[in-house]
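> This is a predicted model, with the sequence first.
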Amino acid sequence: MSRIGLTPIDVPDGVTVSFDADNVVTVKGPKGELVQALPRTISFTRDNGRVLAARPNDDHRTRALHGLARQLVANMVLGVTQGYEKRLEIQGTGYRAQLQGNTLDLQLGFTHQQRRQAPEGIEFELPDPTHIIVRGIDKQAVGQVAADLRAIRPADPYKGHGLRYQGEVVRRKPGKTAATIVA
């Protein structure tokens with residue numbers, strides 16, 4: 001039994017959640033609007049400022065979609081009220097970032113700068129040249145943009161240089177050691 005799917009979603013004041021005949025959900029709130037197509041087998045009902053998800057049967061696939069659909073709507077409600085952010089940090093000598101408008105210029109040890117344009121609905125913020133904050137209302141988009149940035153130069157396991165999520169622990173490998181010659 002899906003425990004996530006059975007949990008009701010609290011809808012705060014100022015947020016509207018609507019479903020159409022094709023099970024496309026639209027969530028509007030103070031930070032913006034999100035639209036998502038959900039599986040048709042899952043039905044949603046509104047009850048006293050809450051949204052409930054229900055499934056028609058106990059098939060394995062339907063149970064999995066029940067929890068997924070409920071969590072997608074919950075993430076949308078949270079996104080339009082609070083928003084999401086991912087924090088990245090840059091480590092390495094000479095590695096830094098600059099923000100020009102909504103374009104992020106990264107110097108990560110390559111012969112040329114890496115430029116990344118912020119997609120629609122995503123904002124970059126630089127508290128200092130070695131920290132990047134990716135913000136937006138769509139949880140999936142924020143995570144994908146952060147992962148794409150990190151993929152430019154992932155943290156090196158030998159020296160630790162590169163881009164990493166804030167708080168990410170990089171397992172360090174020992175480098176080469178000088179072999180002792182025994183005569």
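Perfect, I can see it now.
> and after the helix ranked longest in the chain, which helix or strand comes next?
In the chain, assigned by DSSP state H, the helix with the most residues is helix 60-81. Using DSSP states H and E, the helix or strand that follows helix 60-81 towards the C-terminus is strand 84-91.
> and that following strand, what does it pack onto?
strand 131-136, helix 139-152, strand 162-165 (3 or more CB pairs under 8 Å, 6 or more residues apart in numbering; DSSP states H and E). The way it works is simple: take the backbone N, C-alpha and C, and place the C-beta from them, glycine included.
> Please report how far I132 lies from I152.
Counting by CB to CB, to the nearest Å, the gap from I132 to I152 is 11 Å.
> what touches both of these two?
L163 (CB atoms under 8 Å, 6 or more residues apart in numbering).
> Between the two, tell me which one has more neighbours.
I132 (25 against 13; other CB atoms under 10 Å).
> Specify the beta-bridge partners of the closest residue to T81 other than its chain neighbours.
Spatially, and ignoring its direct neighbours in sequence, T81 is nearest to G29 (5.3 Å; CB to CB, 6 or more residues apart in numbering). Counting by DSSP bridges, G29 forms beta bridges with G32.
> That's all I had, so thanks and see you.
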